[in-house]
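> mind looking at a prediction? Sequence and model below.
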Amino acid sequence: MAAGPDLRLIQPGGPEEACGIFGVYGHPEAARLTYYGLYALQHRGQESAGITVCQGGALVNHRGMGLVSEVFTGERLAALPGDRAIGHVRYSTSGSSTLVNAQPLLVRTKWGQLALGHNGNLTNALEIRCRLEEQGSIFQTTVDSEVIAHLIARAETATVEAAIEDSLREIKGAFSLVMLTPTALVAARDPLGIRPLVLGRFGEAYVVASETCALDTIGATFLRELAPGEMVIIDRDGLRARQFARRRREALCIFEFIYFARPDSNLRGVNVHLVRKELGRILARRYPVAADVVTGVPDSSISAATGYAEESGIPYQMGLIKNRYIGRTFIQPTQELRAQGVRLKLNPIRQVIEGKRIVLVDDSIVRGTTSRHLIKLLREAGAREVHVRISSAPYRFPCYYGIDTPNSGELIAANRTTAEICQLIGADSLAYLSLADMVRATGSAAAEGYCVACFTGQYAVAPEDSGTDRPGAAAAGAAARG
């Protein structure tokens, strides 16, 4: 759902990922491991962070607004002892940017406490929320994730694990989940596997995370990805896995490869960096241009840019520098200062750019605002020509599965040709990859194994509504993204 404007500068120009999740069971420094895991997943959400630990049979929760390093100090972590924990970093796509919406959510049920962290977006959240409110449920947040907690609390089952399983069958959309009870850690992935979730081992402890880079950061061993529609329960008896939904097909969000996942992560056994390099190589073969320098928009486009340079024979240069030290407290621009914000985040190196014909490689163009500003910066730095190459297909349709993208009226490619977009952003030339080439770069033969709705408009799950942006049953429609 719509979020505050401050986070737009964290990842300039691209769509924003919703969340990163992490969990560990069976390690005496569970909170500290979770802190490191969340640090590795910071790219998936910079708005808020939280950790829940189990201490002597009780769940203790700490959440805050900002980056992981801003929310958790050494003193704070020392106050969170326990051998099991879950953590969450958030970028809001459902619900406003306030502390009450930070996760993990902590609730009380008839089985005791339950904490929940969610990556994704539920397409039937509003429908369920309205029904539950009519039946007397009182919601404390405006996030769609709270719907899951209420379903679990109201389930007529003998155990909390059975209540979780029943609730997972009722929700629709994209969800990778970590949940903590006083006795167990539970993780689950939606029936289409739209969002990633992996399982690892750290000594005798089990670890779950949104990406393999988080396992690498703490030194854990990768075991496998959770299957679509799978739930795992980890407790003192070990790990149990069950399939709560029948696997029809897999629909991993292809933007995980293009933009969201860290380059050192692996998806489906394939390294993200190598896929992005192949995207760049294909771009160079399909859309060559006479130029002097290839550069990429930091950070997600660097791999594709190096692939383009290697394939084309045009030297790669670091033409844009990213300022990585802008904390959340600084990022409070007004609409009038948004263009200045791009300059604060990215700055060209004049000595690399001046007098040169530049190939600027980027992963996507959403609104076009950032692309236009970047091209202007390059020209001000003395670029003779700027040729833009995009390592994905035109982004034409909004996402309903946990990515903060504008409504279709704000998407620059929704109703424009490539030539029109080129003129609007001020480039000398512009080219996109085809959907077939994108899929080919991942090592797959067909797009059926991915969610590609943002390019085709063919949604893996019907977008019945896009969540719960406002409290109360009167919220009778999805709030616009962007």
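Alright, I've got the coordinates.

> and the next element down the chain from the longest helix seen in the chain?
In the chain, taking DSSP state H as the definition, the longest helix is helix 272-286. For helix 272-286, the succeeding helix or strand toward the C-terminus, using DSSP states H and E, is strand 293-296.

> can you pull the buried residues of that following strand?
Of all the residues in strand 293-296, those buried under the rule 16 or more other C-beta atoms under 10 Å are 293-296. In this view, the C-beta of every residue, glycine as well, is placed from N, C-alpha and C.

> only C-alpha atoms, please: export that strand in PDB.
Taking C-alpha atoms only, strand 293-296 is exported to PDB below (Å, rounded to 0.1, in the frame of the first residue of the first chain):
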ATOM      1  CA  VAL A 293      31.800   3.800 -21.400                       C
ATOM      2  CA  VAL A 294      29.300   1.500 -19.800                       C
ATOM      3  CA  THR A 295      28.100   2.300 -16.300                       C
ATOM      4  CA  GLY A 296      25.300   0.900 -14.100                       C
END
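
> before we move on, back to that, tell me the one of the buried residues of strand 293-296 nearest Q113?
G296 (45.8 Å; C-beta to C-beta).

> without its sequence neighbours, what residue ends up closest to the closest one?
Distances taken as C-beta to C-beta, 6 or more residues apart in numbering place A305 nearest to G296, at 2.8 Å, with adjacent residues excluded.

> list the buried residues of the helix or strand that contains that neighbour.
Assessed by DSSP H and E, A305 sits inside helix 302-312. For helix 302-312, the neighbour count (16+ other C-beta under 10 Å) marks 302-309, 311-312 as buried.

> so what secondary structure elements neighbour whatever helix or strand comes next after that helix?
Sequence order places strand 320-322 as the next helix or strand after helix 302-312, per DSSP H and E. For strand 320-322, the elements it packs on are strand 346-348, judged by 3 or more C-beta pairs under 8 Å, 6 or more residues apart in numbering; DSSP states H and E.

> which helix or strand lies directly C-terminal to the top strand by length along the chain?
The longest strand of the chain (DSSP state E) is strand 112-122. As assigned by DSSP H and E, the chain's next helix or strand after strand 112-122 is helix 125-134.

> so how far is the helix holding A305 from its chain's centroid?
Computed by C-alpha atoms, centre = their mean, to the nearest Å, the chain-centroid distance of helix 302-312 equals 24 Å.

> for it, what is the average pLDDT?
Averaging pLDDT along helix 302-312 gives 98.

> for that helix, name the packing helices and strands.
Contact here means 3+ C-beta pairs under 8 Å, 6+ apart; on that basis helix 302-312 packs against helix 272-286, strand 293-296, strand 357-362.

> so what angle separates the directions of the helix or strand where R63 lies and strand 112-122?
Assigned by DSSP H and E, R63 falls within strand 58-65. Strand 58-65 runs at 40 degrees relative to strand 112-122, counting by axes from the mean of the first three to the mean of the last three C-alpha atoms, to 10 degrees.

> and for stretch 48-64, what are the contacting residues?
30-31, 34-35, 38, 65-68, 70-72, 76, 79-90, 97, 99, 101-104, 106, 113-115, 117, 180-182 (C-beta atoms under 8 Å, 6 or more residues apart in numbering).

> in that stretch, which residues are buried?
Applying a neighbour-count criterion of 16+ other C-beta under 10 Å, the buried positions in stretch 48-64 are 48-55, 59-64.

> again with stretch 222-242
222, 225-235.

> may I ask which two of those are separated the most?
The largest separation in the buried residues of stretch 222-242, counting by C-beta to C-beta, is between P228 and D235 at 23.3 Å.

> just to revisit the earlier point, let me have the helices and strands packed on helix 302-312 in CSV, extended by distance to D428.
Formatted as CSV, the helices and strands packed on helix 302-312 follow (distance: least, C-beta to C-beta, whole Å):
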stretch, distance to D428
helix 272-286, 16
strand 293-296, 14
strand 357-362, 8
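
> save these as a markdown table, and put in mean pLDDT and distance to D437 too.
As requested, the helices and strands packed on helix 302-312 are exported to a markdown table (pLDDT from 0 to 100; distance: least, C-beta to C-beta, whole Å):
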| stretch | mean pLDDT | distance to D437 |
| --- | --- | --- |
| helix 272-286 | 98 | 5 |
| strand 293-296 | 98 | 18 |
| strand 357-362 | 98 | 14 |
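
> so which of those is nearest R189?
Checking those against R189 by C-beta to C-beta gives helix 272-286 as the closest, at 18.4 Å.

> what helices or strands is that closest one leaning on?
Identification of packing neighbours for helix 272-286 by 3+ C-beta pairs under 8 Å, 6+ apart yields helix 302-312, strand 385-390, helix 435-441.

> tell me which of those lies nearest to A158.
The closest of those to A158 is helix 435-441. By C-beta to C-beta, the value is 44.7 Å.

> which secondary structure elements does the closest one contact?
In terms of contacts (3+ C-beta pairs under 8 Å, 6+ apart), helix 435-441 is packed against helix 272-286.

> so how far is the helix it packs on off the chain centroid?
Centroid displacement of helix 272-286 relative to its chain, using C-alpha atoms, centre = their mean, is 21 Å.

> repeat that for stretch 287-304.
Taking C-alpha atoms, centre = their mean, the mean C-alpha location of stretch 287-304 is offset from the chain mean by 23 Å.

> which parts of the stretch 1-150 of the chain are strands?
Secondary structure of the stretch 1-150 of the chain by DSSP state E, counting those that start in this stretch: the strands cover 16-17, 19-25, 48-55, 58-65, 84-90, 105-109, 112-122.

> can you lay out the ones you listed as CSV showing distance to N271 and mean pLDDT?
Putting those into CSV (distance: least, C-beta to C-beta, whole Å; pLDDT from 0 to 100) gives the following:
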stretch, distance to N271, mean pLDDT
strand 16-17, 19, 53
strand 19-25, 19, 97
strand 48-55, 27, 97
strand 58-65, 33, 96
strand 84-90, 23, 97
strand 105-109, 33, 95
strand 112-122, 21, 95
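
> for the helices and strands packed on helix 272-286, give me a markdown table that also has distance to I164.
Shown next, in a markdown table, are these (distance: least, C-beta to C-beta, whole Å):
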| stretch | distance to I164 |
| --- | --- |
| helix 302-312 | 38 |
| strand 385-390 | 41 |
| helix 435-441 | 34 |
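
> how does the chain divide up, domain by domain?
5-248, 271-324+333-443 (automatic domain parsing).

> picking that back up, columns pLDDT on top of the buried residues of stretch 222-242, output as JSON lines?
Shown next, in JSON lines, are those (pLDDT from 0 to 100):
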{"residue": "F222", "pLDDT": "98"}
{"residue": "E225", "pLDDT": "98"}
{"residue": "L226", "pLDDT": "98"}
{"residue": "A227", "pLDDT": "96"}
{"residue": "P228", "pLDDT": "96"}
{"residue": "G229", "pLDDT": "97"}
{"residue": "E230", "pLDDT": "97"}
{"residue": "M231", "pLDDT": "98"}
{"residue": "V232", "pLDDT": "98"}
{"residue": "I233", "pLDDT": "98"}
{"residue": "I234", "pLDDT": "98"}
{"residue": "D235", "pLDDT": "97"}
